[in-house]
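Asker: I would like the atomic coordinates for the input below:
(one chain, ligands or ions: 1)
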Amino acid sequence: MVWVVANSNVALVKYWGKADEGAKHPAAPSLSVTLDSLSTAASVELSDDSKEDRIEGLPAPAGEKVQGFLNQFRSRFGIRARARVRLASNFPVAAGLASSASTFAALAKALVVEASLDLGDGDVADLARMGSGSACRSVYGGFVEWRPDGAGSAVEPVADKDHWRLRILVAVTSERPKAVGSSAGMRRTAETSPYYSSWIESGAVDLVEVRAGIRARSLSRVGPAAERNCMRMHAAAIAAVPSLLYWEPATIAVMRRVWELRERGIEAYFSIDAGPQVKVFCEGESAKTVEAALAATPGVLRVLSAEPGDAPRLVAHPPAWAADAQAPQRPSRAAAS
Ligand code: DP6
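Answerer: Numbering: from 1, shown residues only. I've put the predicted structure just below:
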């Protein structure tokens, strides 16, 4: 049996549309930062004696996704053994906090090690992508790009985690499961939003700016491009039929709070995924002020704090928060404020 801990990631340039639905290849490039403190631990035990898989630690719909992933894994590598999978995350799982990225990155790595497959990171990323597209970026630490490549896609680290101590604050505004998941949301946007093609085109420009900004460790370059990229993704989603509106009143309150901070000369920028939480990028001394301002915004339940983090790692023992994967979720060690 092996245990792997993998980290979640936040996209500075978003993946929101597929070129290939089945194989989950993206329609446009995306670029994310792997987070150090929002993690999922996965353990896998393969056995030829069991007749069925056992998946513990996840609510039913997510469990079905994991079941589909295990079936794909077996057919891809000609493996017959059944798996006992245990999963635990140190942050709320179903509320737009990218738990599928850390879950499938951890699971892919754990399956590969448990089955003694001799695969490189690119192949592990390829496998993780089958669970959730964004999971392929969590197979690497630091800043990671995922782009269309021929008929498929490729994942490549842009800079390692020590290159730039960007702070990522997550303002949690709701812990309810989201109404429309990412896969269905991006499909609906592609099929019905009149702005989908402009969204895909503009992403390529944002990517060039964000990548250059990361290399230069420049928040003044990365922040504006990441924030407008988020707004354009949501503009395309809002224009879908029926409309996809992932924001709650508190989401908008946090967006306005970030704009106020900038007016006061404090550099902070936001990004929002397919859920109501707001991820805020800042750095250095101003992080304390930003964190306090977010925590004091009406409707914010708590603020999680992260920095660029590592690739998935094998651990001898589960972390304390995952010691009993079937126990109720424990509070995140990243929880603050
Ligand atoms: C808004 O990776 O969850 O977080 O590939 O369909 O499983 P599927 O989608 P998923 O989508 C993530 C969308 C996003 C943006 C991003 O992480 O790039």
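
Asker: what's near enough to touch the residue in the stretch 51-200 of the chain that the ligand sits nearest to?
Answerer: In the stretch 51-200 of the chain, the residue that lies nearest the ligand is residue 133 (2.8 Å; Cβ to the nearest ligand atom). Every residue, glycine included, has its C-beta placed from N, CA and C. Contacts for residue 133 (Cβ atoms under 8 Å, 6 or more residues apart in numbering) come out as 15, 18, 24, 26, 146.

Asker: does the residue lying farthest from the centre of the chain count as helix, strand or coil?
Answerer: Using Cα atoms, centre = their mean, the residue of the chain lying farthest from its centre is residue 49. It sits 34.7 Å away. Three-state call for residue 49 (DSSP: H, G, I helix; E, B strand; the rest coil): coil.

Asker: buried residues in stretch 235-252?
Answerer: Within stretch 235-252, the residues that count as buried by 16 or more other Cβ atoms under 10 Å are 236, 237, 239, 240, 244, 246, 247, 248, 250, 251.

Asker: List of residues touching that stretch?
Answerer: When contacts are defined by Cβ under 8 Å, 6+ apart, stretch 235-252 is touched by residues 16, 96, 171, 173-174, 178, 180, 185, 188-189, 191-196, 198-199, 234, 272-278, 297-300.

Asker: So for the residue farthest from the centre of the chain, what's the pLDDT?
Answerer: For residue 49, the pLDDT comes out at 93.

Asker: With secondary structure, pLDDT and distance to the ligand as added columns, please give the buried residues of stretch 235-252 in TSV.
Answerer: Compiled in TSV, the buried residues of stretch 235-252 are given as follows (DSSP: H, G, I helix; E, B strand; the rest coil; pLDDT from 0 to 100; distance: Cβ to the nearest ligand atom, whole Å):
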residue	secondary structure	pLDDT	distance to the ligand
236	helix	98	11
237	helix	98	9
239	coil	98	16
240	coil	98	14
244	coil	98	11
246	coil	95	9
247	coil	96	13
248	coil	95	16
250	helix	97	19
251	helix	97	14
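
Asker: where's the one residue in the stretch 201-337 of the chain that gets nearest to the ligand relative to residue 23, distance?
Answerer: Nearest residue of the stretch 201-337 of the chain to the ligand (Cβ to the nearest ligand atom) works out as residue 273 at 3.7 Å. Plainly put, residue 273 is 22 Å away from residue 23 if you go by Cβ to Cβ, to the nearest Å.

Asker: Have a look at these two and say which one is more surrounded.
Answerer: Neighbours around residue 273 and residue 23, counted as other Cβ atoms under 10 Å, are more numerous at residue 273. The numbers are 25 against 14.

Asker: now residue 68: how far from residue 55?
Answerer: 11 Å.

Asker: on that earlier part again, among the contacts of residue 133, which ones are in strands?
Answerer: Residues of the contacts of residue 133 located in strands (DSSP state E): 18, 26, 146.

Asker: Please tell me which one of the residues you listed counts the most neighbours.
Answerer: Result: residue 146 is most packed of the ones in strands among the contacts of residue 133 (other Cβ under 10 Å), 28 neighbours.

Asker: in terms of contact, does it touch residue 13 like I think?
Answerer: No. If you go by Cβ atoms under 8 Å, residue 146 and residue 13 don't touch, sitting 9.7 Å apart.

Asker: what's the overlap in contacts for the two?
Answerer: Counting by Cβ under 8 Å, 6+ apart, the contacts common to residue 146 and residue 13 are 29, 30, 31.

Asker: I'd assumed residue 22 was in a helix, is it?
Answerer: No. Under three-state DSSP, residue 22 falls outside any helix and is assigned coil.

Asker: Please enumerate the helices of the stretch 1-150 of the chain.
Answerer: Taking DSSP state H, counting those that start in this stretch as the criterion, the stretch 1-150 of the chain carries its helices at 60-77, 99-114, 121-131.

Asker: Output those in a markdown table, with mean pLDDT, mean neighbour count and distance to residue 208 appended to each entry.
Answerer: Below are the helices of the stretch 1-150 of the chain laid out as a markdown table (pLDDT from 0 to 100; neighbours: other Cβ atoms under 10 Å; distance: least, Cβ to Cβ, whole Å):
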| stretch | mean pLDDT | mean neighbour count | distance to residue 208 |
| --- | --- | --- | --- |
| helix 60-77 | 90 | 15 | 33 |
| helix 99-114 | 95 | 27 | 23 |
| helix 121-131 | 97 | 22 | 22 |
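
Asker: Columns distance to residue 210 on top of these, output as a markdown table?
Answerer: Shown next, in a markdown table, are these (distance: least, Cβ to Cβ, whole Å):
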| stretch | distance to residue 210 |
| --- | --- |
| helix 60-77 | 29 |
| helix 99-114 | 18 |
| helix 121-131 | 20 |
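
Asker: Quick check: which of the ones you listed is nearest to residue 36?
Answerer: Checking those against residue 36 by Cβ to Cβ gives helix 99-114 as the closest, at 11.6 Å.

Asker: Quick check: which helices or strands does the closest one pack against?
Answerer: strand 2-13, strand 30-47, helix 60-77, strand 82-89, helix 121-131 (3 or more Cβ pairs under 8 Å, 6 or more residues apart in numbering; DSSP states H and E).

Asker: Okay, buried residues for the first one please.
Answerer: Pointing back at strand 2-13 there. Those would be 2, 3, 4, 5, 6, 7, 8, 9, 10, 11, 12, 13, for strand 2-13 by 16+ other Cβ under 10 Å.
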